[in-house]
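Chemist: what shape does this take:
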Amino acid sequence: MEPNVGFLDRISRLIVAVALIVVLLKSSKVSFFTVVALVTSGALIASAASGYCALYTHLGISTSDKI
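Modeler: The predicted structure follows:
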C-alpha cells in the first residue's frame with residue numbers, strides 16, 4: 001500500500017477524531033450513533049497513522065505530494 005494521505009490531511013484527521021472522541025465522552029450516552037462515531041474516529045486515527053486511505057485509492061485521490 002502506497003501512502004496517499006499527506007501531512008496536513010493526517011493532522012486534520014487526528015484533530016477531527018480526537019474532537020469527536022472528546023464530544024462523545026462528554027455526552028456519556030450509549031447509542032448506535034455513538035458506536036458509529038467511535039468506529040469512524042478509529043478509522044480516522046488508523047488512516048492518519050498509516051498514511052493510507054482506502055477511499056482515496058478508490059476515488060483516485062492522493063494528497064501525499066501536496067504541502
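Chemist: tell me how many other residues crowd residue 63.
Modeler: Using other C-beta atoms under 10 Å, residue 63 has 18 neighbouring residues. C-beta: built from backbone N, CA, C; applies to glycine.
Chemist: which residue is the nearest non-sequential neighbour of it?
Modeler: Nearest residue to residue 63, sequence neighbours excluded (C-beta to C-beta, 6 or more residues apart in numbering): residue 6, at 3.8 Å.
Chemist: can you pull the pLDDT of that neighbour?
Modeler: Note on residue 6: pLDDT of 94.
Chemist: check the one 4 residues further on too.
Modeler: Reported pLDDT at residue 10 in the predicted model: 95.
Chemist: any idea how far residue 2 is from it?
Modeler: Distance from residue 10 to residue 2, counting by C-beta to C-beta, to the nearest Å: 15 Å.
Chemist: now stretch 59-67 - C-alpha only, PDB.
Modeler: Output of stretch 59-67 as PDB, limited to C-alpha atoms (Å, rounded to 0.1, in the frame of the first residue of the first chain):
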ATOM      1  CA  LEU A  59     -11.500   7.700  -5.900                       C
ATOM      2  CA  GLY A  60      -8.000   8.200  -7.300                       C
ATOM      3  CA  ILE A  61      -7.100  10.900  -4.900                       C
ATOM      4  CA  SER A  62      -3.700  11.500  -3.300                       C
ATOM      5  CA  THR A  63      -2.700  14.300  -1.000                       C
ATOM      6  CA  SER A  64       0.700  12.900  -0.200                       C
ATOM      7  CA  ASP A  65       2.700  15.000  -2.600                       C
ATOM      8  CA  LYS A  66       0.900  18.300  -1.700                       C
ATOM      9  CA  ILE A  67       2.000  20.600   1.100                       C
END
